[in-house]
Every structure is written in structure tokens, then in C-alpha cells.
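S.K.: Quick one, fold the following:
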Amino acid sequence: FNATLHDELTGGWIYRAGTSLTYNHDRIGLNQDEVNQPELGFHGKFTLQKRISGELELKTGTEYFLTDFQQTLRGAGEAEEFSAGFTGHLPAFFAEADLHLSAKLLARVGLRSEYYSLSHNWNVAPRASLAYKTGGNSQISAAIGRYQQAPATEQRLYAPTLRPEKATHYILNYQIMQEGRTFRIETYHKDYDDLIKYQSPREGSPSMHTNAGSGFARGIDLFWRDNRTIKNVDYWLSYSFLDTRRDY
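M.R.: Okay, the predicted model is just below:
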């Protein structure tokens, strides 16, 4: 189920609101064993946006995620059931500003804060980018940002107090689009921390979960698209090089 609203308020503010509700129930039979897994998910989001002046535009808002996951196992001939599950709440707040520093230079700065109820953990993630138009159809941009991601459902089932995994991105990009042709080159470096690690004494039963993992990824992406040179033909070529090492 999904629903969205948007309208303009007094003072030039524009609001947008949306909500989503999902429900999934897996019933699995494996030989004589039975597994029941109901999962309920809810997502609500509200944003406010306003152009303060020709040089400044603001966007702020809040969102909320709810995940309720339960698992019940019953073996053949067993009188007792094994049950596990969690209910996780994730409220988030964010703010972003677009600054037109000149006719060719645009800056975007933002901040996102999230609270993970299962681990009682607040995270603050600043982000910033800068774009400069090098010509009528080309620009170069740079970005840096902090991001986080909640553990997967299966991981939170075994260890609900795990903290989110985190990454810091550094990205440099150049793009030109002209007369049906596009060329883009992007290079990046990403540092990872708080990656999830665990021991697995037997398959399907991990234990001793921690956030002790870390790593990095770096690389370059090349992209070329052309729908002009050859009549009635639209083709593109891409190449990616990735060097990554992760302990997770």
C-alpha cells in the first residue's frame, strides 16, 4: 500500500508526504519441519522545500521506518517451538541546501541523522558536493559524504543490537553531453567501517556477531553513449575498474 500528498503552504513552502505499508508471510515446509516468518514494514516521509532566493533553496524533513519480523520453527515430533524476532524503529531527520555561488558554480550541503532503536545508536551523516559548469554542455563535480545502512533482517534476527554499517564516499566526476553524445568519467574512493562479522560453527547458524569489520573500495568508471554518428543506431560502451578489500 502506498499513498502520497503534496501541496503549497503559505510563505512559499512546498510540502510532500508519503507512506508505504508492506506485509509478507512466508510458510515453509522442509521435510517434516515447519517455518513461519511474518514480516511487517512501514515507511512514512514528510518534506518541506522552499526557494529562499535566487541563490538559495532549502529542503528539510523527517522519515520513519518500522520493521517487525518474527520467526517460528517447529521440528518434526517436537513439542516445543523455537521463536525469535525483533521490532525495529528508525526515525530520521535531514536537511539540505542548494547554494548557487555563481552562474557556473553550485554547492549542495546536507546533514542526515538516524536513530536505531535496537542498538540505541544515533548516527549523524554530513554530505557535501560541488559542481562547476566547464562549458555549455559539460560540468565537473566533486562529492564527499557519510552513509550508513542497517544490518540485514537475517543478521538482526540473530543479533538485534548490531550497529549500522558505515561508509565514507569521495567522488570526482566529469560529464559532457552534446549533439546526441554523452561521455562520463568518474573516479571514487570509499572507506568502510563497522562492517558485520560473525562466526559460523555450522551452516545456517552464525554466532558471535560484531561490528569489527572494515575495508575500502576504489575505482574508475567510463561511459560513452552515441545515437548520432550511425543513423538509426543508439549504442553505448562502458568500462569499470574496481579494487576493493573488505574484512566482513
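S.K.: got any ranges where the chain has weak pLDDT?
M.R.: Applying pLDDT under 70 to the chain flags residues 77-79, 201-205.
S.K.: Could you tell me how many residues sit around Phe69?
M.R.: For Phe69, the neighbour count with other CB atoms under 10 Å is 20. The way it works is simple: take the backbone N, C-alpha and C, and place the C-beta from them, glycine included.
S.K.: same deal with Leu118?
M.R.: Using other CB under 10 Å, Leu118 is surrounded by 19 other residues.
S.K.: List the contacts of it.
M.R.: With contact set as CB atoms under 8 Å, 6 or more residues apart in numbering, Leu118 has these partners: 86, 88, 156, 160-162.
S.K.: So which of the residues you listed is the closest to Arg112?
M.R.: Using CB to CB, Gly88 comes nearest to Arg112 of the contacts of Leu118, at 17.8 Å.
S.K.: which other helices and strands contact the helix or strand hosting the closest one?
M.R.: Gly88 belongs to strand 82-100 when assigned by DSSP states H and E. Here strand 82-100 touches strand 56-74, strand 105-116, helix 153-158, going by 3 or more CB pairs under 8 Å, 6 or more residues apart in numbering; DSSP states H and E.
S.K.: now those in JSON lines, with distance to Tyr188?
M.R.: What follows is the helices and strands packed on strand 82-100, written out as JSON lines (distance: least, CB to CB, whole Å):
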{"stretch": "strand 56-74", "distance to Tyr188": "25"}
{"stretch": "strand 105-116", "distance to Tyr188": "17"}
{"stretch": "helix 153-158", "distance to Tyr188": "26"}
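S.K.: of all the ones you listed, which lies closest to Ile220?
M.R.: Ranking these by proximity to Ile220 (CB to CB) places strand 105-116 first, at 23.1 Å.
S.K.: Skip ahead from that closest one and say which helix or strand is next.
M.R.: Once the chain leaves strand 105-116, the next helix or strand it forms, by DSSP H and E, is strand 121-135.
S.K.: Neighbouring strands - and their directions - for that next one?
M.R.: Sheet pairing of strand 121-135 (DSSP bridges) gives strand 105-116 (antiparallel), strand 138-149 (antiparallel).
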